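Participant: compute the structure for the input listed below.
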Amino acid sequence: MHQLLSVNSADSSSGTDASYVLNLPSAACLYKPKRIRLRQVIMPISLYNVRSTNNTIDFKDTGGTTRSVTITPGAYNATSLCSAVLTALNSVGPADFTTVTYSATTMKITISNSGSFSLLFGSGTNVATSIGPTLGYAVADTASATSAVADNVLQLYHPESLFISIFEFGTPGVNSKGKKYTFSMLVNTNPQGVQEIDNNQDYDQYVDINQNSITTLSVNLCYRDGTVVAMNGGHWEMVLEVIY
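Facilitator: Predicted coordinates for the structure are as follows:
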């Protein structure tokens, strides 16, 4: 016997959209399930590519003073991020940064100043939350100069994969960060602006269950490092196939 169970974060009993507990109504409770298969996940595009985990810049200004600035979390493209970085850098100290530009040819960021400065992406006090890797800079301080070109391309893509953990189903999967999970999802964006995954035989995910009944689901949606996703008010839904 097969049953489809649609689980929407908007129906949670407690928690947030990415970390919640759902008390299943009697019609949706699972009695002696044998296998749970992930069929589909649908979510709005509400994830930020600049978050509190990658939004700081430590730098040494033209006068040799070490300073720190923060970029407001949000969903940025190359143009809007360059503007935000320039505004932040000039919000403290001499305010003598002249441009932050993006090259469509090399896909790299260049930060320029009227005098010599250094970006402290290796030794700054906020390295753990640095936006340097997102901007394409190596985890190292830049040489003192009037401009600093990123080592690598700008990396503003949304996460390519997310990981779902459901306590009641167990966490048989593990990723390259060593984080355990129940199901993983490869994120695609369709023309309607919805991130979704449709499971098929080429990417079949299921867990075998040995419980008499499941009346509650404890769900976490995480990035690959185990950090709980900030949905920013967006609800998401997964469709599970229950096999009895």
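
Participant: show me the helices in the chain, by range?
Facilitator: 78-89, 132-135 (DSSP state H).

Participant: packing partners for the first one?
Facilitator: Using 3 or more Cβ pairs under 8 Å, 6 or more residues apart in numbering; DSSP states H and E as the contact criterion, the elements in contact with helix 78-89 are strand 56-60, strand 66-70, strand 97-102, strand 109-119. Any C-beta I mention is one placed from the backbone N, CA and C, and that applies to glycine too.

Participant: hmm, try it at 10 Å
Facilitator: Packing partners of helix 78-89 (3 or more Cβ pairs under 10 Å, 6 or more residues apart in numbering; DSSP states H and E): strand 56-60, strand 66-70, strand 97-102, strand 109-119, helix 132-135.

Participant: what's the answer for the last one, then?
Facilitator: In this structure, helix 132-135 packs against strand 56-60, helix 78-89, strand 109-119, with contacts taken as 3+ Cβ pairs under 10 Å, 6+ apart.

Participant: and if we set it to 7 Å?
Facilitator: If you count contacts as 3 or more Cβ pairs under 7 Å, 6 or more residues apart in numbering; DSSP states H and E, helix 132-135 packs onto no helix or strand.

Participant: circling back: so which of the helices of the chain is the most packed in?
Facilitator: Greatest average neighbour count among those goes to helix 132-135 (a mean of 22), per mean count of other Cβ atoms under 10 Å.

Participant: pretty sure residue 32 is touching residue 209, no?
Facilitator: No: under the criterion of Cβ atoms under 7 Å, residue 32 is not in contact with residue 209, lying 8.6 Å apart.

Participant: which of the two has more residues huddled nearby?
Facilitator: residue 209 (18 against 11; other Cβ atoms under 10 Å).

Participant: excluding its backbone neighbours, what's nearest the more buried one?
Facilitator: residue 33 (4.7 Å; Cβ to Cβ, 6 or more residues apart in numbering).

Participant: residue 25 versus the one you found, what's the distance?
Facilitator: 16 Å (Cβ to Cβ, to the nearest Å).

Participant: for residue 71, same thing?
Facilitator: Taken as Cβ to Cβ, the span from residue 71 to residue 25 is 43 Å.

Participant: do residue 224 as well
Facilitator: 33 Å.

Participant: can you pull the contacts of the residue nearest to residue 53 when sequence neighbours are not counted?
Facilitator: In this structure, residue 53 finds its nearest non-sequential neighbour in residue 129, 5.7 Å apart by Cβ to Cβ, 6+ apart. Residues near residue 129 by Cβ atoms under 7 Å, 6 or more residues apart in numbering: 52-56.

Participant: list the beta-bridge partners for residue 70.
Facilitator: Taking DSSP bridges as the rule, residue 70 bridges to residue 56.

Participant: thought the residue nearest to residue 209 was touching residue 241?
Facilitator: No: using Cβ under 7 Å, residue 33 is not in contact with residue 241, being 10.2 Å away.

Participant: who's more crowded, the two?
Facilitator: residue 33 (24 against 16).

Participant: what about this structure, any weak spots by pLDDT?
Facilitator: Counting by pLDDT under 70, the chain has low-confidence residues at 158-159, 188-203.

Participant: ok, back up a step: measure the residue nearest to residue 209 to residue 5 for me?
Facilitator: Following Cβ to Cβ, the distance that separates residue 33 from residue 5 is 10 Å.

Participant: re earlier: residue 224 and residue 25: who's more crowded?
Facilitator: Neighbour count, other Cβ under 10 Å: between residue 224 and residue 25, residue 224 has more, with 17 against 9.
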